[in-house]
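Undergrad: Structure for this input, please:
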Amino acid sequence: MADAEDILRSFQYLIGHEHAVHHGGGMIGMSFGTGSMLLATADSRIRDKVRVLATFGGDYDLRNDRLRPDRRL
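TA: All right, here's what the predicted structure looks like:
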């Protein structure tokens, strides 16, 4: 889940920037990054600040990939 945490922290940094629109922002996830981006946007620390998200070519079921405890990312 380190990828999702990195995405979350990056989003927090960007929306906190002095030139950012402070009421939120959006994300785009492609291919393998889609799952991590979706997990990050569901986190309560940024959930209310993500205004839009788009995905392309991601996994159809995160339970079979990223959420299995025996699977290393």
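
Undergrad: Look up phi and psi at the residue nearest the centre of the chain.
TA: The C-alpha lying nearest the average C-alpha coordinate of the chain belongs to residue 37 (CA atoms, centre = their mean; 2.4 Å). Phi and psi for residue 37, reported as degrees, to the nearest 10, are phi -70, psi -40.

Undergrad: For it, give its distance to residue 25.
TA: 12 Å (CB to CB, to the nearest Å). Backbone N, C-alpha and C define where each C-beta goes, glycine included.

Undergrad: before we move on, the earlier item: residues in contact with the residue nearest to the centre of the chain?
TA: Going by CB atoms under 8 Å, 6 or more residues apart in numbering, residue 37 touches 4, 7, 27-29, 53, 55.

Undergrad: try residue 48
TA: By CB under 8 Å, 6+ apart, residue 48 lies in contact with residue 24.

Undergrad: Looks to me like it is in a strand.
TA: No - Residue 48 is assigned coil when assessed by DSSP: H, G, I helix; E, B strand; the rest coil, not a strand.
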